[in-house]
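Peer 1: 3D model of this:
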Amino acid sequence: MTFDTKSALVAVAIIFDSAACVAAVTPENPAPVPVARDVSQFDAALSAFDRGDFAAALRLWKPLAEQGDASAQSNLGVMYANGQGVAQDYAAAVTWYRRAAEQGYASAQYNLGLRYAEGQGVPQDYVQAHKWFNLAAATGNAGAVNNRDIVAAKMAPAQIAEAQRLAAAWRPKK
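Peer 2: Numbers count the residues shown, from 1 in each chain. Next comes the predicted model:
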């Protein structure tokens, strides 16, 4: 079964500079400690991206991403997903989104959900899509709520229950 992206799945990639977002922060599931970043380097990359100098953005964000900066990782995922400064490569996008998503970064969780829903860079998997949308939705991401509901309409009750179980068991990695 293919996912009809025209049916209403909102495919918005988000690039922004903020602390890592997490779903359901509790004493058992604490917020991850943000990686110290060179703010000037990150901001220079963001400025380069905004003016369409994707090569410079890539050159500046990649070292930050490799050091564990979730926002830089997520932004590299966007660049690979959209072919901005690099050849479009959904598998590479998924790799970067996953690194950020596993730290609790909501926009990366949302974008990872999109890749699973659409089968881009990973096999299409509505359970995984629902899980990642659910985690991003817990931070107030309205697009994730909408897309989670769209995906849920294509799933069996047992699949939804499994996705919810996976989301509830999820913990951020440091």
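
Peer 1: for Asp125, see how far away the spatially most central residue of the chain is.
Peer 2: Here the mean C-alpha position of the chain is nearest to the C-alpha of Ala108 (C-alpha atoms, centre = their mean), at a distance of 1.5 Å. From Ala108 across to Asp125, the span is 17 Å (C-beta to C-beta, to the nearest Å). Where C-beta positions appear, they are placed from N, C-alpha and C, glycine not excepted.

Peer 1: for Gly85, same thing?
Peer 2: Using C-beta to C-beta, Gly85 is found at 28 Å from Asp125.

Peer 1: just Val94 next, same as before
Peer 2: Val94 is 12 Å from Asp125, by C-beta to C-beta.

Peer 1: one more: Leu58?
Peer 2: 28 Å.

Peer 1: ok, the two, which is more surrounded?
Peer 2: Set Leu58 next to Asp125 and count neighbours by other C-beta atoms under 10 Å: Leu58 wins out with 20 against 17.

Peer 1: spit out the contact partners of that one.
Peer 2: 76, 79, 85-86 (C-beta atoms under 8 Å, 6 or more residues apart in numbering).

Peer 1: make it 10 Å
Peer 2: 45, 48-49, 65, 75-76, 79-80, 84-86 (C-beta atoms under 10 Å, 6 or more residues apart in numbering).

Peer 1: I'd like those residues as TSV, with secondary structure and pLDDT appended.
Peer 2: Shown next, in TSV, are those (DSSP: H, G, I helix; E, B strand; the rest coil; pLDDT from 0 to 100):
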residue	secondary structure	pLDDT
Ala45	helix	95
Ala48	helix	96
Phe49	helix	97
Ala65	helix	96
Asn75	helix	97
Leu76	helix	98
Met79	helix	98
Tyr80	helix	98
Gln84	coil	97
Gly85	coil	96
Val86	coil	97
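
Peer 1: highest neighbour count among these?
Peer 2: Most surrounded of the contacts of Leu58: other C-beta under 10 Å gives Asn75, at 31 neighbours.

Peer 1: I figured that residue hits Trp61, correct?
Peer 2: Yes. In this structure Asn75 lies within contact range of Trp61 using C-beta atoms under 10 Å: 5.5 Å.

Peer 1: may I see the buried residues of the helix or strand of the chain at the bottom of the mean pLDDT ranking?
Peer 2: Every helix and strand in the chain was compared by mean pLDDT, DSSP states H and E; the lowest is helix 39-50, with a mean of 93. For helix 39-50, the neighbour count (16 or more other C-beta atoms under 10 Å) marks 41-42, 44-46, 48-49 as buried.

Peer 1: helices of the protein, start to end?
Peer 2: 39-50, 54-66, 70-82, 90-101, 106-118, 126-137, 142-152, 157-169 (DSSP state H).
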